[in-house]
Each structure stands twice: as structure tokens, then as C-alpha cells.
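Colleague: The following comprises the amino acid sequence and a computationally predicted model.
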Amino acid sequence: MITANNIAIHLTYTCPLECSHCCFQSGPKVKTRLSEEIILDTVNAIDPEKIKMVAFTGGEPFLLYSTLLKAVEIASKKGVTTRVVTSAYFATSENNARKKLKELKDFGLDEISISWDDYHEEYVDFDVVRNAFLVSKSLGIRAAINIVQDANSKWDVSRVVLEMNGHCTEEDVLCETNLNLTGRAKEKLSERNSRNNRLLGPCPYVLSGPTLNAKGNLLACCGVIEEQGPLVISNELIPSEIMSDIENSYSNLLHKWLYLRGPFALLEEIRKKFDVPIPLEEHIGGNCESCQILFGSEYFGYAVEILKDKAQEIVNEEFLLSSMNMLDAKYTIDLWGKNVVNEKIPIIQL
Ligand code: SF4
Ligand code: SF4
């Protein structure tokens, strides 16, 4: 069975930055956040036999720094791997980076994931990324950098490696993801084109990595789209019930389909069965953008009909892959993922 092995908690949607691609529309004026009590009670209720990693993210989790320290400490004492996701805005000098990261390390932080790309660069300098990344590595915190790109992006993995002046190699965890037109990007970046290559297919995050968002909803995935209804596991999470809520969600057919085949495959089924036109894959930035289209009123009713028809097929497929030890993204993406290649890439205007 597809089961959860990690959890994300969006502490707050407040952020000192206001990036134009932000899927949660975070910014300095946004006030949505979880109370400290809900955050700590939720971490306390995590079963370490089942959940191996908890990620604290946002918005900017460093804005709730004292809560972050307590939450990291509780999770770490349970033996759960801890990760924080940040723009590293606080790392304006090596000293500033060290002050916070050393304390977090002492409280049990294992991993840091730094978000950096052309959109972040409008608000912070690469220096903060370099400081946070190098200080983390020197403290023994595993560090990763995530780069969102569109066709004209100036930042990619090789440029990050270059700007690290030899202190980082392509073997470090540096990831590139295509821009999805979700959240603020839908309004601000709709003119941007997708990178040449991207993957549409099974979603490895749904069911395996549920999220408590800053509104107090428990979702089946990181919930980066506005129309989250079909992804909701629990509308107002009671922290002590998190594990039973997650386990009850394992029978959800839509979530199973998203994990096994992905949202675009469901759109394709809708086109085949109901002869309804769907957007061309070349026009879709990625899986989350496909979910956003799928969950819109135009398509979701059809999706429900298809899932009813295919219920047994989905359950059988999950059982078969599970019995062959292949219920993992590295196999499902091989089986059902497809590379989308743009035929024409616009010329970069510098
Ligand atoms: S993308 Fe990250 S850093 Fe930028 S506004 Fe959103 S939460 Fe803040
Ligand atoms: S593809 Fe859909 S299910 Fe997967 S993370 Fe994105 S919104 Fe969630």
C-alpha cells in the first residue's frame, strides 16, 4: 500500500520576500500561520515508526524561530529526521548564518533546503545562499539548493556550482524544477515559457508526504495549488489525530491515481472517454499545474466518473506493484512518466 513516510508543516505564510512564483502567495503582509500549540502538538503526535522525516516550511519558517527550535528538538528526540526549507534571508553574513544554524543543529536539525532562483534574486543576493549552504555543511547539516526555472532563467545548477567558488559540486544536492503556473505565478508569470524538458507523470509526493498547511488543513501532498479541496484529508486537524487521519486517507482512489499515474493521465482519460478537449501537454508546466487544471470545475466531475469506473483497476495496480516491491516513484515514473519536450524554445533576450 502507498503509505506516508514524511510530513511537511507550513508554520506560517508570512515571508520577508514576495517572490513572483510563490505558490502560497506568501509575503510580508500575509498573516496566516499556525499557533505554536498546534505545531508542537502535531510534532508530538507523529509516530516515528511510520514517519521518518518532518520538514518545517512556509512561507518563511525562520520567522517563527523559537517555535522552530522547539519543534526541531521534539522531532529529533523522537528519532525523526528534521528539515527546514528557507530562502536563507537571515544569512546576510557568515556570522549571522552560523548563529542561527549552529543553534538549530544543537537542537537536532539534520537538513536544510535552500530555495534560490531568478525570482528569489529580486529580493536577496546569492551571498545569503552561499553563507547558509557553506555554514550548514561545515556544521554537518545536509544542505540542498532548489532552483525553479522557466525557459529564460539565468540561474541553473552549473551557475550555482560556479558561484560557490569550488565549495560545491554537482554531486551536492542541487535540484532544478520547471516553473508551474500556480499561486502567484499564475498571475505574474503567465507570459513565461516552460523549460525545454520536463516530466509529466506519477506524483511521488501525494500520500507519501502529507502536509499540515498554515491554515490548519491536513492535505495529501504539499498542496501548492489553490483548489485544494480534493487533496484535503482533514479540514481542521486535531493534532492528536494526525496519524489516524493519514491512515484513513490511504483508501482515497484519487490520491492513489495521482501517485500511480499522475494528474495529466487523468486529463487524458477524460479526453478519451468524454471527448472533452484538454490543454496540450506542451502548454503545461508540470504535475502541479495539471492538478490545478484537473481540479477546476470544468474537469473534476468527469474525473470522479472515471475513478468510479477504474476503482478496481487502481487497487489491483497498487497491489501488484506492492507485491513486486515496485511501489516507488523510481518505478512508477519509469512506467508512466513522459518527458515533454518543447518544439520551439524562445530566444533568450538579455
Ligand atoms: S517562494 Fe519562498 S521565499 Fe519566496 S515568497 Fe514564497 S515562501 Fe517566501
Ligand atoms: S501534482 Fe498534484 S498531488 Fe502532486 S504535489 Fe502537485 S498538487 Fe499535489
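Modeller: Perfect, thanks for sending it. Small disclaimer: the values here were computed from a predicted structure and weren't measured. Ligands and ions are numbered 1, 2, ... in the order given.
Colleague: any idea how far the most centrally placed residue in the chain lies from ligand 2?
Modeller: For the chain, the residue sitting closest to the mean C-alpha position, by CA atoms, centre = their mean, is Cys222 at 4.9 Å. Using CB to the nearest ligand atom, to the nearest Å, Cys222 is found at 5 Å from ligand 2. All C-beta atoms are positioned from the backbone trio N, CA, C, and that covers glycine.
Colleague: Not counting sequence-adjacent ones, nearest residue to that residue?
Modeller: Excluding its sequence neighbours, the residue lying closest to Cys222 (CB to CB, 6 or more residues apart in numbering) is Thr211, at 5.2 Å.
Colleague: what's near enough to touch that neighbour?
Modeller: By CB atoms under 8 Å, 6 or more residues apart in numbering, the residues touching Thr211 are 7-10, 218-219, 221-223.
Colleague: Tell me the spacing between it and Thr82.
Modeller: The gap separating Thr211 from Thr82 is 16 Å, by CB to CB, to the nearest Å.
Colleague: quick one, helices of the stretch 101-250 of the chain?
Modeller: Taking DSSP state H, counting those that start in this stretch to define them, one finds helices in the stretch 101-250 of the chain at 118-121, 126-139, 157-163, 184-188, 242-248.
Colleague: Sorry, wrong one. I was asking about the stretch 251-350 of the chain.
Modeller: For the stretch 251-350 of the chain, applying DSSP H, counting those that start in this stretch gives helices covering 253-260, 263-274, 287-294, 297-309, 311-323, 329-336.
Colleague: Of all those helices, which one comes closest to ligand 2?
Modeller: Closest of those to ligand 2 is helix 287-294, at 3.2 Å (criterion: CB to the nearest ligand atom).
Colleague: Pull the distance from that closest one to the chain's centre.
Modeller: Relative to its chain's centre, helix 287-294 lies at 14 Å (CA atoms, centre = their mean, to the nearest Å).
Colleague: is ligand 2 contacted by it?
Modeller: Yes - using CB under 6 Å from any ligand atom, we find that helix 287-294 touches ligand 2 at 287-288, 291.
Colleague: now, which of these sits nearest Lys29?
Modeller: Cys288 (24.6 Å; CB to CB).
Colleague: Compute the number of surrounding residues for that closest one.
Modeller: When counting by other CB atoms under 10 Å, one arrives at 23 neighbours for Cys288.
Colleague: Get me the contact residues on the stretch 101-250 of the chain for ligand 2.
Modeller: Contact residues, the stretch 101-250 of the chain versus ligand 2 (CB under 6 Å from any ligand atom): 203, 205-206, 221-222, 224-225, 231.
Colleague: one step back: what's the separation between the residue nearest to Cys222 and ligand 1?
Modeller: For Thr211, the distance to ligand 1 equals 14 Å [CB to the nearest ligand atom].
Colleague: what is that residue paired to in the beta sheet?
Modeller: With DSSP bridges applied, Thr211 shows beta-bridge pairing to Ala8, Leu219.
Colleague: ok so, going back, can you list the residues of the stretch 101-250 of the chain next to ligand 2 in a markdown table and add pLDDT?
Modeller: Converted to a markdown table, those look like this (pLDDT from 0 to 100):
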| residue | pLDDT |
| --- | --- |
| Cys203 | 95 |
| Tyr205 | 95 |
| Val206 | 96 |
| Cys221 | 96 |
| Cys222 | 90 |
| Val224 | 88 |
| Ile225 | 87 |
| Leu231 | 96 |
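Colleague: Between the residues you listed, which sits nearest Thr67?
Modeller: Nearest to Thr67, judged by CB to CB, of those is Cys222 at 20.1 Å.
Colleague: Isn't the closest one up against Gly209?
Modeller: Yes - if you go by CB atoms under 8 Å, Cys222 and Gly209 touch, sitting 6.8 Å apart.
Colleague: Which neighbours do those two have in common?
Modeller: With CB under 8 Å, 6+ apart as the test, Cys222 and Gly209 both reach Ala8.
Colleague: Ligand 1 contacts on the stretch 251-350 of the chain?
Modeller: For the stretch 251-350 of the chain, no residues are found near ligand 1 under the criterion CB under 6 Å from any ligand atom.
Colleague: burial count for Tyr65?
Modeller: Using other CB under 10 Å, Tyr65 is surrounded by 15 other residues.
Colleague: residues in contact with Leu199?
Modeller: 286-287, 333, 337-340.
Colleague: next one: Lys105
Modeller: Neighbours of Lys105 in contact, by CB under 8 Å, 6+ apart: 139-141.
Colleague: If we use 6 Å, what do you get?
Modeller: Taking CB atoms under 6 Å, 6 or more residues apart in numbering, we find Lys105 in contact with 139, 141.
Colleague: what bits of the stretch 251-350 of the chain have low per-residue confidence?
Modeller: Residue ranges of the stretch 251-350 of the chain with pLDDT under 70: 341-350.
Colleague: near ligand 2, which residues of it?
Modeller: Of all the residues in the stretch 251-350 of the chain, those in contact range of ligand 2 (CB under 6 Å from any ligand atom) are 258, 263, 287-288, 291.
Colleague: can those residues go into CSV with extra columns for distance to Leu134?
Modeller: As requested, these are exported to CSV (distance: CB to CB, whole Å):
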residue, distance to Leu134
Leu258, 37
Pro263, 38
Asn287, 32
Cys288, 31
Cys291, 36
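Colleague: what separates Glu269 from Pro263, distance-wise?
Modeller: From Glu269 to Pro263 the distance is 11 Å (CB to CB).
Colleague: Can you pick out the residue with more neighbours from those two?
Modeller: Set Glu269 next to Pro263 and count neighbours by other CB under 10 Å: Pro263 wins out with 29 against 20.
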